[in-house]
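Peer 1: sequence and predicted structure, then a few things I'm wondering about:
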Amino acid sequence: MNSKFIGKLAIGLWVLTIITLGYFFYFGSTSRSLDNRTAIHLTPEERQLVLTEMRALLTAVNGMLSGLAEKDYEGAAKAADAVGMGLVASLEHQEKTILLKLPVEFKKLGFGTHEKFDEIAVKIRKKQDIHSLLKEMDELTRNCVACHASYKIEIDIKEK
């Protein structure tokens, strides 16, 4: 074989690899579920990590509401801080392979939610008006509703 052919073949394989990686980065490991949501396929361990993180988000919302109801602003802010971008950074090593399986829109919702917790923590510490804080929490929980309405986590059949 001549070197031009090998060069073209190498470039072709490189382009195919980039396209494949781009596809998985954008769409993740997904399919359409019976209830018409996007099913994200994860291993049992990955699924457990994602569900544990979601339960932490719900616990944080409860802690924020409880703290605000009791006028414990620092407690409410700490509950929000616990699941902000600091949590994402602490789970970075565990979530590397999961991130490749998640569709872009799911990632946007997820990162946006963690960032929103950080923003709300700052506003709670500033003791903003309770109605303003409730509006922020309404926007936050809309992310949760949108995510759960659009996605579900399924065990990857190949991993069962």
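Peer 2: Arrived safely. Residues are numbered from 1 along each chain as shown.
Peer 1: quick one: pLDDT of the most centrally placed residue in the chain?
Peer 2: Centroid-nearest residue in the chain: residue 110, 2.8 Å away (criterion: C-alpha atoms, centre = their mean). Each residue has a pLDDT score; the one for residue 110 is 94.
Peer 1: residues contacting it?
Peer 2: By C-beta atoms under 8 Å, 6 or more residues apart in numbering, the contact set of residue 110 is 102, 147. C-beta here means a position set from N, CA and C on the backbone, and glycine is covered the same way.
Peer 1: again, only this time at 10 Å
Peer 2: 50, 53-54, 57, 88, 95, 99, 102, 143, 147, 151 (C-beta atoms under 10 Å, 6 or more residues apart in numbering).
Peer 1: distance of it from residue 47?
Peer 2: Separation of residue 110 from residue 47 (C-beta to C-beta, to the nearest Å) stands at 15 Å.
Peer 1: and what of residue 100?
Peer 2: For residue 100, the distance to residue 47 - C-beta to C-beta - is 15 Å.
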